[in-house]
Structure formats: structure tokens, C-alpha cells
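Asks: have a look; sequence and predicted model below, questions after that.
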Amino acid sequence: DDLTPSIWTGLFPKNPQLLYYGFFYGLGIFIFFNKEWLLRFKEKYALFLGIGTLISLVNVYLVNYSLQEGSFGILVLIYKMLYALQNILLSFGLMGFCLRHLNFSSTRIRYFSEASYCVYIIHLVLVASIQILCIVYNVYAPLRFVATLVGTSLIAYLTYHLLVRYTLIGTVLHGARYRE
């Protein structure tokens, strides 16, 4: 067993992946129908971020010093539970931070919000393609990270702006937008 949730590229995911990702999907549905929870995130975002970060540090320690790949025991089970809790707390903390500090009207934030679905749809292909190019041309790893981040962002947002925002696709996604 891997220490982190593995990526499954087959047609039908394995049960552990269904349980792990299904849990987060269910949590999202719960929050959607219980929006008052968002107020708790807003009030206690620093606590969520702090505890989530501490759990992250514990997990880094466990992976580097206490756990062995391929082993399964109580320590691995604790690690996996902490891994899920870390993701939950950091997500709640980030949502609360945004609700508290970014909850205002802004044309820039609105633009990125409207572009987010398009960027989400195409980012994986862009990341993989740029990574492959960097590997083929033997690009130094830190530079490869920067090239992937900047290249993916530029191409994704340009694609949105030129091919989606002012087209029928953009109208369907978020309503008509007109060039100024």
C-alpha cells in the first residue's frame, strides 16, 4: 500500500480511492446544504490553518522517519487518518481566510473566478505536456517547476480569454461578457 492516496487512471476506481475521494465529495455536499458552517470557517480560519499545518509537519516526520513504503500497521493507519484530517483542516482554513479577507467585489477576482472552470479543465493536459517537454530537454528541476507553473498559467488564461470568455462557451458558463 502507498502512503498517500494513489492516482487511478483506469475506468473504475478501486475501493480505497472511492472511499477517500468520496468522503471529500460528501463533505462538500454537506457544506453546500449547511452553509452556516462557512461562518465557523470564517471565524476560526487561523485555528484550522494552524492545526492543519502542525499535522502536516507530523506527517512529514512520519513519512521521513517512522514509516516504510509497503508496510501496513497502526502507524500507517494513523498517518492516513492524519493525512485526511490535514486536508480537511487546511481546506476549511483556506475557505475561512478567503471569506474573511477576500469577501469583497473586485473585477480581477471575478475574472479569475470566471476563468477557474476553464483553467481547471485544461490544466492537467498543460502540466503534463510542459513536464514532458522539460524532461525531454533535461531542464533543471527547480526551473522545470517554474516553467510548468508559469507556462500552464499563461496558456490556460490566454486560452480562456481568447477562446472562451467572449464566445458562446463563455456565455453558457457565466453569462454574456462584452469586450471593452
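Replies: Happy to help now that I have it. Residues are numbered from 1 along each chain as shown.
Asks: name the next helix or strand following the lengthiest helix in the chain along the chain.
Replies: Secondary structure of the chain per DSSP state H: the longest helix is helix 107-136. Counting by DSSP states H and E, the next helix or strand C-terminal to helix 107-136 is helix 141-159.
Asks: which residues sit against that following helix?
Replies: With CB atoms under 8 Å, 6 or more residues apart in numbering as the test, helix 141-159 has contacts from A115, C118, V119, I122, H123, L126, V127, I130, Q131, C134, I135, V139. Using the backbone N, CA and C atoms, a C-beta is placed for each residue, glycine as well.
Asks: what comes up buried for that helix?
Replies: R144, A147, T148, G151, T152, I155, A156, Y157, T159 (16 or more other CB atoms under 10 Å).
Asks: one more: stretch 88-98?
Replies: I88, L89, L90, S91, F92, G93, M95, G96, F97.
Asks: again, but for stretch 30-49
Replies: I31, F41, K42, Y45, F48, L49.
Asks: can you put the contacts of helix 141-159 in a markdown table and add pLDDT and distance to W37?
Replies: Below are the contacts of helix 141-159 laid out as a markdown table (pLDDT from 0 to 100; distance: CB to CB, whole Å):
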| residue | pLDDT | distance to W37 |
| --- | --- | --- |
| A115 | 93 | 27 |
| C118 | 92 | 28 |
| V119 | 94 | 27 |
| I122 | 93 | 31 |
| H123 | 92 | 28 |
| L126 | 95 | 34 |
| V127 | 93 | 32 |
| I130 | 94 | 37 |
| Q131 | 92 | 37 |
| C134 | 92 | 41 |
| I135 | 91 | 43 |
| V139 | 92 | 43 |
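Asks: what subset of the residues you listed is buried?
Replies: Neighbour-count burial (16+ other CB under 10 Å) applied to the contacts of helix 141-159 gives A115, C118, V119, I122, L126, I130, Q131, C134, V139.
Asks: could you list the low-pLDDT ranges of the chain?
Replies: 1-10, 13, 68-72 (pLDDT under 70).
Asks: mind running it again at 80?
Replies: Counting by pLDDT under 80, the chain shows low-confidence ranges at 1-18, 20, 63-73, 76, 180.
Asks: got the contact list for the residue nearest the centre of it?
Replies: Computing the C-alpha centroid of the chain and ranking residues by CA atoms, centre = their mean puts S91 first, at 9.0 Å. Listed by CB under 8 Å, 6+ apart, S91 has no contact partners.
Asks: that one: which element?
Replies: Using DSSP H and E, S91 maps to helix 74-101.
Asks: over to G26?
Replies: Assigning secondary structure by DSSP H and E places G26 in helix 15-33.
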